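Participant: Here's a sequence, model it:
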Amino acid sequence: MKEENRIIRCPECGQKLRVPSNQGALNVKCPSCKGAFALDEESGISEGFAEPGNKQARTGPKNGSAFIKEVAKYFMDFLETDFHKRRNPKRSIKLRDQNNLLVGLNLNKYPAFNNLVWGSVNNAFNASRTIEKGHYKTNIPQNLLDLIKFQTEKLSTTQVTQIIKEISEGLEKTATLYEKEYDKALTVSLEVAEKTIKENLVLPFINNIEKSLENLNLGDENSIYLMEEELTNVLITLLENKVSELLKLLITKQKAALLKELKSVFDVDDVKNDINAFFKNFEVTDLFAEIYEIDRNRNILDKQEFYFYFYDISFNKIRYPIFYLPFSLEKTNESLRIDFDSQVYINKKALGYIVQEYNKEKGKRGNLNTTTERIIYLAEHKDDFAAVVSNIVNEITNFFELDSSINIHVPDPQVAKSFLVRMSNSCYISLFDKSDEALVNDYEEILQL
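Facilitator: Numbers count the residues shown, from 1 in each chain. Here you go, the predicted model:
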């Protein structure tokens, strides 16, 4: 009697295979890919796999939620990576938004409170933190303010005129390159203006007072960087509206007296006054007042939530938080209470982007192994949270070949860097769009089913 056969496909390579029928369970080895699998007589599906073209989950019919989990994981990965890895990740560190509203705060400005929050990190955020009005302040002594005023008086009309000239030339070039793309032209023009102001005015000015800042414990690398960024933002604000106005004239081929118009909003006296005002305000800054202002801006903006960032990583002059944690804020007239969430998130988008770009620059391959999971559940790591964080930070240090390690138990400012990447133990309070996080969390919950 002729033996009856049937045709199946190898679940690994898809090769058609002829196997005997009515033989019960069989162990099959594919001659093409050499893969071995057990064949179920009734379903024809090898254990743990589905035939190519079969829409059942690979885990078989016995697990009805497997397919949903696979789909959820796919979309969660999509949201985490954007599938546009050449774009900068959304969650970067910003202290002010495009409207100059305060949306972030570097806690290095407040060493006493910064020490407290590092205590929270080391204790897995087991307690809330209270900020009393007037308790945490930054202080620049009068002798330093006098030095700053002395340095501003050295600024000359010639220096400011040269800056205006470079910005004017940049405007003309941008208007020609992007004459049909006003928004793009405005963005590029402001970037040129910002770079010109920073390189020709802000950096030399801060360099002149850096030694005095260091002597007052205000001159660590993070604080200096913060001053440079904030002072540049203050000065560029003088020009924003005028740059926009002149750009429209240039794009529409109308005449514009660029130097005269720019000088009307950016003359040497304006610059001096804004620099002095910046440092005077820096002197009287109160942590309570700054967070109160951020909260007020949160109510103005849409879908924003408070986050605590700890550890940052910089690539191509953009800073990203490595870890972030949502928190709620309870306000009274005299105090603020911070209640931390129960989950710490790893900024996988940013880390993945930097790994990719770093590998491209260095001609390397590889990924970070300690950041495969994006959430650290604090309830599961009450006793070893600091060790978990340290393992991740140490791997980042080794992967990017940074020049030193950062100790989680030392709250003082620490920096580790290489030619391309910089990491610090800075902490921040920041606003971010909560809807982005909510979408990823919804898919995360499905995976827990």
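Participant: Please count neighbours and contacts with C-alpha atoms only from this point.
Facilitator: Will do.
Participant: What's the local residue count around Lys242?
Facilitator: Counted with other CA atoms under 10 Å, the neighbours of Lys242 add up to 17.
Participant: can I assume it sits in a helix?
Facilitator: Yes: assessed with DSSP: H, G, I helix; E, B strand; the rest coil, Lys242 lies in a helix.
Participant: Identify the residue spatially nearest to it, adjacent ones excluded.
Facilitator: Leu262 (6.8 Å; CA to CA, 6 or more residues apart in numbering).
Participant: Could you do Asn359 as well?
Facilitator: Using CA to CA, 6+ apart, the closest residue to Asn359 is Arg365 (5.8 Å).
Participant: what's around that neighbour, how many residues?
Facilitator: 10.
Participant: Quick check: which ranges of the protein have low pLDDT?
Facilitator: Filtered on pLDDT under 70, the chain yields the residue ranges 1-4, 14, 40-87, 139, 215-223, 283-284, 436-449.
Participant: Tell me how far the longest helix anywhere in it lies from the chain's centre.
Facilitator: Scanning the chain for the longest helix, with DSSP state H as the assignment, gives helix 157-177. Centre-to-centre, helix 157-177 and its host chain are 31 Å apart (CA atoms, centre = their mean, to the nearest Å).
Participant: got it, and stretch 229-240?
Facilitator: Distance of stretch 229-240 from its chain centroid, counting by CA atoms, centre = their mean, is 22 Å.
Participant: and if you look at stretch 174-183?
Facilitator: Centroid displacement of stretch 174-183 relative to its chain, using CA atoms, centre = their mean, is 29 Å.
Participant: quick thing: my sequence starts at 21, can you match it?
Facilitator: Done: numbering now begins at 21, and the last item shifts to stretch 194-203.
Participant: tell me which element Val387 is part of?
Facilitator: Heads up, residue 387 is Asn, not Val. Per DSSP states H and E: Asn387 is located in neither a helix nor a strand.
Participant: The residue nearest to Asn379: which element?
Facilitator: With DSSP H and E as the test, Arg385 turns up in no helix or strand.
Participant: for Lys380, same thing?
Facilitator: Taking DSSP H and E as the criterion, Lys380 maps to helix 368-382.
Participant: quick one on the thing from earlier: buried residues, the longest helix of the chain. List them.
Facilitator: By 16 or more other CA atoms under 10 Å, the buried positions in helix 177-197 come out as Val180, Thr181, Ile183, Ile184, Lys185, Ile187, Ser188, Gly190, Leu191, Glu192, Thr194, Ala195.
Participant: hang on, the earlier thing: show me what the helix holding Lys380 is packed against.
Facilitator: Using 3 or more CA pairs under 8 Å, 6 or more residues apart in numbering; DSSP states H and E, the elements in contact with helix 368-382 are helix 86-101, strand 338-351.
Participant: thinking again about what came up before, I figured the residue nearest to Asn379 was touching Phe419, is that so?
Facilitator: No: Arg385 is beyond contact range of Phe419, at 10.4 Å (criterion: CA atoms under 8 Å).
Participant: Now do Tyr327 against Ala144, distance only.
Facilitator: Tyr327 sits 16 Å away from Ala144, taking CA to CA, to the nearest Å as the criterion.
Participant: Report the separation between the nearest residue to Lys351 once chain neighbours are set aside and Ala399.
Facilitator: Leaving aside its sequence neighbours, Lys351 sits nearest to Arg357 (CA to CA, 6+ apart; 6.6 Å). Distance, Arg357 to Ala399, by CA to CA: 21 Å.
Participant: More neighbours: which of these two?
Facilitator: Arg357 (16 against 12).
Participant: Would you map the helices across the stretch 171-320 of the chain?
Facilitator: Per DSSP state H, counting those that start in this stretch, the stretch 171-320 of the chain carries helices over the ranges 177-197, 202-217, 223-235, 241-257, 260-271, 278-285, 288-303, 307-320.
Participant: Can you give me the neighbour number for Phe308?
Facilitator: With other CA under 10 Å as criterion, Phe308 counts 19.
Participant: per-domain residue ranges of the chain.
Facilitator: The chain breaks down into these domains under automatic domain parsing: 25-84, 85-156+322-469, 159-304.
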